[in-house]
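> Structure for the following, please:
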Amino acid sequence: ANYMALQETSFVTLGQRVLARPLRIRLHYGHPDVFDKLFFITRGGISKSSKGINLSEDIFAGYNCVIRGGTVGFKEYVQVGKGRDVGMSQIYKFEAKLSQGAGEQSLSRDIYRVCHRLDFFRLLSLYYGGIGHYFSNVLTVLTIYVVVYLMAA
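Numbers count the residues shown, from 1 in each chain. Sure, this is the predicted structure:
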């Protein structure tokens with residue numbers, strides 16, 4: 001339990017602070033989030049029409065905010081820890097949800113519109129925070145296979 005609390009602290013506080021400032025690419029990662037109701041209602045709302053296509057609806061709210069000229073900040077009023085099951089099947093299901101969400105995000109028009117509004121360095125952060133993370137993992141594993149094969153030969 002102590003390990004999970006430390007993991008949550010490192011992700012929520014340190015990671016979210018860096019994404020908010022200096023990277024300015026925090027869109028939405030984790031609950032609880034507080035939305036500015038007036039900002040979103042006057043700019044089309046938060047929800048999307050399809051629950052199946054937009055698996056990660058909360059990050060699409062962040063995309064809509066950036067597209068419409070807003071920013072997603074990180075205010076540390078209260079730290080709230082999330083209870084998580086740490087069994088292998090639950091970890092697999094959670095990772096599958098994240099990867100499916102990243103795949104759907106890469107196919108959406110929202111990410112296309114966001115990319116046209118970001119500078120180069122924020123674009124790199126957005127890429128690695130989404131589908132780029134999975135590409136780099138594949139390249140890392142393939143590189144290890146090649147190195148091991150060449151060392152064995």
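> remind me, longest helix of the chain?
helix 131-152 (DSSP state H).
> Can you give me the buried ones in it?
Buried positions in helix 131-152, judged by neighbour count with 16 or more other CB atoms under 10 Å: residue 131. Backbone N, C-alpha and C define where each C-beta goes, glycine included.
> can you list contacts of that helix?
99, 102-103, 105-106, 128 (CB atoms under 8 Å, 6 or more residues apart in numbering).
> if you set the cut-off to 6 Å instead, what comes out?
102, 106 (CB atoms under 6 Å, 6 or more residues apart in numbering).
> so which strand or helix has residue 98?
helix 88-107 (DSSP states H and E).
> chain center to that helix, what's the gap?
11 Å (CA atoms, centre = their mean, to the nearest Å).
> list the buried ones in that helix?
For helix 88-107, by 16+ other CB under 10 Å, it's 101-102, 104-105.
> repeat for stretch 113-124
For stretch 113-124, by 16+ other CB under 10 Å, it's 114, 118, 122.
> how close does the first one get to residue 14?
Using CB to CB, to the nearest Å, one gets 24 Å for the distance from residue 114 to residue 14.
> would you put the C-alpha positions of stretch 90-107 in PDB?
Extracted in PDB, the C-alpha atoms of stretch 90-107 (Å, rounded to 0.1, in the frame of the first residue of the first chain):
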ATOM      1  CA  GLN A  90      -6.200  -5.500 -13.800                       C
ATOM      2  CA  ILE A  91      -2.900  -3.900 -14.800                       C
ATOM      3  CA  TYR A  92      -3.300  -5.500 -18.300                       C
ATOM      4  CA  LYS A  93      -6.900  -4.200 -18.600                       C
ATOM      5  CA  PHE A  94      -5.800  -0.700 -17.600                       C
ATOM      6  CA  GLU A  95      -2.900  -0.700 -20.000                       C
ATOM      7  CA  ALA A  96      -5.200  -1.900 -22.800                       C
ATOM      8  CA  LYS A  97      -7.600   0.900 -22.100                       C
ATOM      9  CA  LEU A  98      -4.800   3.500 -22.300                       C
ATOM     10  CA  SER A  99      -3.400   2.100 -25.500                       C
ATOM     11  CA  GLN A 100      -6.800   1.900 -27.100                       C
ATOM     12  CA  GLY A 101      -7.500   5.400 -26.100                       C
ATOM     13  CA  ALA A 102      -4.100   6.500 -27.600                       C
ATOM     14  CA  GLY A 103      -5.000   4.800 -30.800                       C
ATOM     15  CA  GLU A 104      -8.400   6.400 -31.000                       C
ATOM     16  CA  GLN A 105      -6.900   9.800 -30.300                       C
ATOM     17  CA  SER A 106      -4.400   9.500 -33.100                       C
ATOM     18  CA  LEU A 107      -7.300   8.900 -35.500                       C
END
